[in-house]
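Novice: no FASTA, just this:
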């Protein structure tokens, strides 16, 4: 059997899986506890800081961080944001493009070895007047460390089709 024939045989057996929540699933006040959580390790933080050119020594120099009163290297805040946002995608935004982020607040530093979890609450669902069957949905997302302490929160909106 050739590779092309093998690919076709696989596609014939594949079952489409409808992923992501629909607009009707986003009633105002509904809470989504996002999956698993994610432990941020030193490699994550070093690579992210280097690739994004975040040259603040708090994010890669343990002795400097300790001299500033931290117990160790702090995780770059944008990595915290991206990790918490990433945990919410499967529940919230597989069906439509990103509109924006607002009111982002970082409450506590995150350190290498901390485990983040997150939850989102539907703040608003506004049906589109010009695009029938579509809506803009806004959520408040909160990220927590392993002690249950709020480390980040923000509002986020996506444009969702049916």
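Specialist: Good, I have the coordinates. These numbers come from a predicted model, not from an experiment.
Novice: And the helices in the protein?
Specialist: In the chain, the segments counted as helices under DSSP state H are 3-13, 42-51, 62-67, 77-92.
Novice: Lowest mean pLDDT across those, which one is that?
Specialist: Lowest mean pLDDT within the helices of the chain: helix 3-13, at a mean of 71.
Novice: that older thread, how about the helices of the chain, which one is nearest residue 25?
Specialist: Among those, the nearest to residue 25 by C-beta to C-beta is helix 77-92 (9.2 Å). The C-beta positions use only the backbone N, C-alpha and C, and glycine is treated the same way.
Novice: picking that back up, please identify the most buried of the helices of the chain.
Specialist: helix 77-92 (a mean of 19; mean count of other C-beta atoms under 10 Å).
Novice: same for that helix, what does it pack against?
Specialist: With contacts taken as 3 or more C-beta pairs under 8 Å, 6 or more residues apart in numbering; DSSP states H and E, helix 77-92 sits against strand 31-33, strand 38-39, helix 42-51, strand 98-106, strand 115-127, strand 135-144, strand 150-160.
Novice: now the angle from the fifth one to helix 77-92?
Specialist: With axes from the mean of the first three to the mean of the last three C-alpha atoms, to 10 degrees applied, the angle from strand 115-127 to helix 77-92 works out at 60 degrees.
Novice: before we move on, back to that, next, format the helices of the chain as TSV and append distance to residue 114.
Specialist: Formatted as TSV, these follow (distance: least, C-beta to C-beta, whole Å):
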stretch	distance to residue 114
helix 3-13	41
helix 42-51	10
helix 62-67	14
helix 77-92	9
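Novice: Show me the one of those that comes nearest residue 149.
Specialist: Using C-beta to C-beta, the nearest of the helices of the chain to residue 149 is helix 77-92, at 12.6 Å.
Novice: which outside residues touch the closest one?
Specialist: Residues outside helix 77-92 that contact it (C-beta atoms under 8 Å, 6 or more residues apart in numbering) are 19-21, 32, 34-38, 40, 44-45, 48-49, 52, 54, 104, 106, 110, 116-118, 120, 137, 139, 141, 143, 151-152, 154, 156, 158.
Novice: which among those end up buried?
Specialist: 21, 32, 34, 38, 40, 44-45, 48-49, 54, 106, 110, 116-118, 120, 137, 139, 141, 143, 151-152, 154, 156, 158 (16 or more other C-beta atoms under 10 Å).
Novice: which residues of this protein score low on pLDDT?
Specialist: Residues of the chain meeting the criterion pLDDT under 70: 1-5, 7, 162.
Novice: Cheers, nothing more for now.
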